[in-house]
Every structure is written in C-alpha cells, then in structure tokens.
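In: model this:
(one chain, ligands or ions: 1)
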Amino acid sequence: MCGIIGINSNKSVSASIINSLKKLEYRGYDSAGIATLSSGQINEVKSEGRVDNLEKNSLVQNMEGTIGIGHVRWATHGSPNSLNAHPHSSQNVSVVHNGIIENSTLLKKFLVGKGHKFKSQTDTEVIVHLITEHLKTDDIVNSIKKTLKSLHGSFALGIIFKDQPDLIVGARRGSPLAVGYGPNENYLGSDSYALKSMTNKITYLNDGEFCVIKKDHVEFFSDDGVKINKKVLELSSQEEEYDKGDYKHFMAKEIEEQPLTLKNGIKEYIDNSNNDINIYNFPWKISEISSITLIGCGTAYHSCLMAKYWFEELTSLDVNVDIASEFRYRKNRFKRDSLYIFVSQSGETADTYAALDICKKNGMKTCAVVNVIESSIARDSEFVLPIHCGTEIGVASTKAFLGQILILYILSLKLALLRKDLKKDVFTQKLNDLKKLPKLVDQTLSIDNKIQTISNTFNEAKGSMFLGRGFSYPIALEGALKLKELSYIHAEGYPAGEMKHGPLALIEEGMPVVVLAPRDNYYKKTISNMQEVIARGAKVLLVTNKSKDEIVSENIWETLEVETTNADLLPFLLTIPLQKLAYYSALKKGFDIDKPRNLAKSVTVE
Ligand code: AGP
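Out: This next block holds a predicted model:
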C-alpha cells in the first residue's frame, strides 16, 4: 500500500507535493520520492525512510517545475531503499505506482530483449519501459491503453512525460485513485485525504479508467480509450486539522478519544425521543434477510467475530464470519437472502474490497461499516453504516475498533427487535445500558499506572498468550494483535477452552498470560482454564470487571478490574487495558508507536 500524488499547476509544485506526501505517509513509509518536469527534463529525487528525509535533500529544496508526481512506498517487490523508491523513470517517462504487477517478470524479459536497461528490483519499472516502448510508435492515449492492457495485477498510476510538459496521466485498476480540482491547478491522489488540504472537489476513477490531467481541465477515458464523463463530488469538509495535541503519539490520543467515538456513534444512531435505533434508509425488508456474513481483515476481522457473538445471542439469524483474503479465493455458496457486511476503517483494504466485488457480482446484499465514507468500499456497497470516529492516524487501530463494534452491536439490536427476536422491554434496557457506555469507558481509561509496570514483564518475555471465552475471545485476539504490532513481541490470542488441546505445552515458568474473565456466563469455566495455566507456572494477568463476589483462585500474578455493565458491553471495557498494555510495552521499547515497522495504515495491496 503506497501513496501517490500528482500536481499540474501554473506555479512550482515541489513544496505542495512534499506536503501531500506527509499526509500519505500512513499508507507506507519505507521510502519516498518526487519527480518534476522542468526545462524539458525529468528531475527525480528519492530517499529511504520518511518524507522528512526527502524534504531535507537539498535537490528537493531547489526543485523547479509546475508539473510533478510524488510517492511514499510500502515495499512489495525489492527492499525498501532509495534505488527501489518511486518514481521510476526512463529518459522520457516517470511513474509512481501503488499495487502489484503480477506478470512483471515476463514483461521485464521482453523489454530487456528490446534493449531496455533496468535499475531497480521493482515490478513498477516495467511500466516505465513499456510506455517508453509504445511511445516509439503510438501517441500518449494509445501508448497508455496498450500498456495497461498488457499489465496483470493491480495498479494506481501517476505518469509524467518529458515531451508532454502540460499533462499528467493517472490510471486505476484495483488500487484507489482520485482526481482533485483546484484554482489554475489540478491534482491526482491515492485518496481524498491526500487532496483535502488543496480541494474538496473530487472525482474517483473506477477500475480500468485512466485520465489526462491538465492545469485547467481533466479528460477521462474508459479502458478502450474512449472519452467518458465523470461526476465531480463535493466532499463533506475541507482538511480536518489533525494533530497530536498534548499527546506523545496519535495512538495515545485515539485511545483517550474512545468515549467521544462512542458518544458520536450513539448520537448518530440512537433516537432518544423514541428510545429507538435509527438506521436510516435501510434498503432491505427484514424478511429478505435470513443470514449474515461479516468480512474484514486484522482488527476489522476481530470486529466481525465480535459481532457474530452478538448477532447469535440477540437474533435467530445464521451468522458467518470470514477473513477477506480467505473468502476471496474460496468456492463460496451464495444464498439469495444473505446480507454481506464489510468492515473496514480505511474502506480501501484490497482484500476486503475484492470480497465486496465478488459478492456484488453474485447479486448479494452488501453493507459497509467504515470510517472513511468517501472510500472505495463505501462507494461501492449498497448501504453504508459510517462509524464517525474521526481520522484515525495510528496504524494500530483503537478507536476505530470500538467504533466498528459499537455500530455492529447497534445493528444487531435493531435487527433483533425488527425480527421480534428481542422483546421491546429487553431492547429498551439494553439501549439504556448502551447510553451509559461512554462514561464507563472513560472511567476504565483511568487504569494506567499498574499497566505501565505490568508491561515490563511482557517486554522481557519471549512470548505471551491472551485467553478468553465467548464474548471475550474476539477481544483476546485483538489484544494479542495490538501487542504484536506495537512491541514486536509474539503474542497469541486463543480460546481459553482450547489450551488443553495443544498450546498448554507452550506454558512455562514465568510466561505472561492474559486471561479475560469478566463475570459473565463463561466466568467459572474461564477461571478453571486460568488455573490450568497457573499450575504450569504462568504469570496470569486476570482482566475482569468489578464485582462484590470474591475471585476464587490463588497465585494470580496481577488483576485488573474494569467497570461493570451488562455482559453484552463488557468487551468494550476489556479492550481498553489491552490497548494500553500494548502502548506501554512499545513505549518502553522506544518503538515508533504510530508507524510500526513493516506496517501501513491502509493495506491496498493483497
Ligand atoms: C489494526 O491494528 C491493523 N492496523 C490492521 O489489522 C487493520 O485492522 C487491517 O489492516 C484492516 O484495515 P481496515 O480496517 O482499514 O480495512
């Protein structure tokens, strides 16, 4: 997942390109680069690491040119160094690319045979030489059309040409790409977030389309080179100024913003006057839905798994969940009355988008639960349930996770009521409990000092386990993922009841094990599982909720108690200490908390 920017202007573009690249760094930060056209030449500067390194390069500071492209990279082919950084250029063409060219090896062999010299290990470079080859005999539009037709795989491209000093070409297949319109200048960007500081007038390219961007107008073409008209959308708001405030990291800020996230979601979907849930414009009759499949990746998949437990508990619907990258290649059986729900913070995750595309092609009902409402998954789903948690910058998802499970819980309550699986009085009680949740999360956030000390033990261990049953199992998975992606320590989320079927062999003296055992229907069973690991030397961090009942067990290393509420809502509270545990572990290790190694915020490649 990389970030692309292009600007065609009547003034120098290098500073604006660098500024946009900084906004795109959440998409990848292995390396960065810029290329501009000036005095009939392509000038290219690239650097390893963050955009700051590129900005400090003196060549960039004196970079001329009113046309340019820029790129931030998350490496798919070739190590993350300046040689493999984008743009990739020949004498006549310079290209930035997000995606994967699956037939690059074959194309490279053909192009080398034609005398082309390659400098990098990337798949992208074949695009540069293919266009250069076609330009020997074709005009721009035909060269682009023929090049795109020979590429297998996914791409979002930005291209400039030495001999065309007034245009930038953009092209899209499988990776998002947007055009922005400004005063005497126009833009190309991976998503609207990169363009929002310059414009809120946006056109999104669809798969197979390409465009020619001039400073005063933009032309769009279908994949066979025929001119097409495209809508210009006016986005909700201009650039949302987003900074860390007094926090050390965006992640710290986003953890503390969770009460507000929940308040926004409750305000958006709960009608206090009628004490009901409003899901406006729900496009289907309840009788048309007898099963639900939830699909996502990573933390979003954990949200799907959490929702499965709620849907099964509250409704009589059949409920399935699937990891998007597995779903998209499985021989799925599509039933007419199935609703497919795609959960994605960014709304751009390639695997989740591909799963959506398959379901649409099979005539399924599709609903997106997303944070970015202008995203591809939102735009291409029949129905969208926004989570309204504001921009989430930290690569490790926190407030978006709580926002996702909130909306999914609200949906499960509403469908349960409409299907008469839930009595109105029970529904009302649950709604009243839900309204108190933001305050309970706020109180639970104060669990801080103890966790800072506890995190040392996790840092010193070679690995840890996170155990839970029922509603706590998806939270165990999410807690383990947080620790992995932030402190680079192996951690495994596992069903507590499953340990005796193998993983108990992992337990050794002093191994830290988190046991999620709130006072719910699974409590006693989970406490027995906890004793099994304590008996084998584990240092158990028990996370439960406040209760007047004593915890009947000895040799528990540490106990954390979250606030108490109805069992449905305990997962929200159990998540908080696990987010903080991961945060403090990474803080102690001095790792980059907002941009962990090897990761990116939006995974737009498969
Ligand atoms: C979450 O902490 C991770 N950064 C990652 O698993 C993320 O949830 C996943 O890549 C899905 O992203 P999405 O929600 O934008 O689709």
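In: which ones are touching the residue of the chain found nearest the ligand?
Out: For the chain, the residue closest to the ligand is residue 298, as judged by CB to the nearest ligand atom, at 1.8 Å. Using the backbone N, CA and C atoms, a C-beta is placed for each residue, glycine as well. Residue 298 sits next to 397, 481, 603 when contact means CB atoms under 8 Å, 6 or more residues apart in numbering.
In: over to residue 192?
Out: 178, 180, 202, 235, 374.
In: how about a cut-off of 6 Å?
Out: Counting by CB atoms under 6 Å, 6 or more residues apart in numbering, residue 192 touches 178, 202, 235, 374.
In: just among those, which is most surrounded?
Out: residue 178 (25 neighbours; other CB atoms under 10 Å).
In: which pLDDT value belongs to that one?
Out: Residue 178 is assigned a pLDDT of 93 by the prediction.
In: could you find the closest non-adjacent residue to residue 473?
Out: Spatial nearest neighbour of residue 473, excluding adjacent residues (CB to CB, 6 or more residues apart in numbering): residue 495 at 5.3 Å.
In: residue 463: how many residues sit nearby?
Out: 15.
In: beyond the worst-scoring helix or strand of the chain on mean pLDDT, next helix or strand please.
Out: Using mean pLDDT, DSSP states H and E, the weakest-scoring helix or strand in the chain turns out to be helix 192-195, at a mean of 80. Using DSSP states H and E, the helix or strand that directly follows helix 192-195 along the chain is strand 201-204.
In: partners of that following strand in the sheet?
Out: strand 178-182 (antiparallel), strand 233-234 (antiparallel) (DSSP bridges).
In: can you name the element that comes right after that strand?
Out: Criterion used, DSSP H and E; the element after strand 201-204 is strand 210-213.
In: what is that next one packed up against?
Out: strand 164-173, strand 218-221 (3 or more CB pairs under 6 Å, 6 or more residues apart in numbering; DSSP states H and E).
In: phi, psi of the residue of the chain closest to the ligand?
Out: phi 50, psi -130 (degrees, to the nearest 10).
In: please apply the same query to the one 3 residues further on.
Out: Dihedral pair for residue 301: phi -70, psi -40, per degrees, to the nearest 10.
In: what about it, neighbour count?
Out: Neighbours of residue 301 using other CB under 10 Å come to 24.
In: now swap in residue 509 and tell me
Out: 8.
In: surely it meets residue 536?
Out: No: counting by CB atoms under 6 Å, residue 509 stays clear of residue 536, with 8.2 Å between them.
In: pLDDT value on residue 29, please?
Out: Looking at residue 29, the pLDDT reads 78.
In: and if you look at residue 206?
Out: So, for residue 206, pLDDT stands at 89.
In: sorry, back to before: need the contacts of residue 298 in CSV (columns: secondary structure).
Out: Below are those laid out as CSV (DSSP: H, G, I helix; E, B strand; the rest coil):
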residue, secondary structure
397, coil
481, helix
603, coil
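In: may I ask which of those has the most neighbours?
Out: That'd be residue 397 among the contacts of residue 298, by other CB under 10 Å, with 28 neighbours.
In: next one: phi and psi at that residue?
Out: phi -70, psi 130.
In: what do you get for residue 125?
Out: phi -60, psi -20.
In: so residue 326: helix, strand or coil?
Out: helix.
In: show the pLDDT at it.
Out: For residue 326, the predicted pLDDT is 97.
In: before we move on, back to that, can you give me phi and psi for the residue nearest to residue 473?
Out: Here residue 495 shows phi and psi, under degrees, to the nearest 10, equal to phi -70, psi 130.
In: any idea how many residues pack against it?
Out: 18.
In: contacting residues for residue 398?
Out: Here residue 398 is in contact with 254, 255, 579 (CB under 6 Å, 6+ apart).
In: measure it to residue 253 for me?
Out: Counting by CB to CB, to the nearest Å, the gap from residue 398 to residue 253 is 10 Å.
In: repeat that for residue 495.
Out: Applying CB to CB to residue 495 and residue 253 gives a distance of 33 Å.
In: again with residue 163
Out: 48 Å.
In: between the two, who's got more neighbours?
Out: The neighbour comparison of residue 163 against residue 253 (other CB under 10 Å) goes to residue 253, with 21 against 10.
In: hang on, the more buried one in a strand?
Out: No: if the criterion is three-state DSSP, then residue 253 is helix and not within a strand.
In: so what's it closest to, chain neighbours aside?
Out: residue 247 (4.0 Å).
In: kindly report the residues of the chain close to the ligand.
Out: Residues of the chain lying close to the ligand (CB under 6 Å from any ligand atom) are 297-300, 344-346, 349, 352, 395-397, 485, 602-603.
In: name the member of the residues you listed with the most neighbours.
Out: Neighbour count (other CB under 10 Å) singles out residue 344 as the most crowded of the residues of the chain next to the ligand, with 33 neighbours.
In: hmm, that one is touching residue 352, no?
Out: Yes: using CB under 6 Å, residue 344 is in contact with residue 352, at 4.8 Å.
In: out of the residues of the chain next to the ligand, which sit inside helices?
Out: 298, 299, 300, 352, 485 (DSSP state H).
In: so how far is residue 254 from the last one?
Out: Looking back up the chat, that one is residue 485. 14 Å.
In: which members of the contacts of residue 192 are the farthest-apart pair?
Out: 178 and 235 (9.8 Å; CB to CB).
In: can you show me the CA trace of the least confident helix or strand of the chain as PDB?
Out: This file holds the C-alpha atoms of helix 192-195, laid out as PDB (Å, rounded to 0.1, in the frame of the first residue of the first chain):
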ATOM      1  CA  SER A 192      -9.200  12.200  -0.900                       C
ATOM      2  CA  TYR A 193      -7.300  12.500   2.300                       C
ATOM      3  CA  ALA A 194      -4.200  13.400   0.400                       C
ATOM      4  CA  LEU A 195      -6.000  16.100  -1.600                       C
END
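In: perfect, that will be all.
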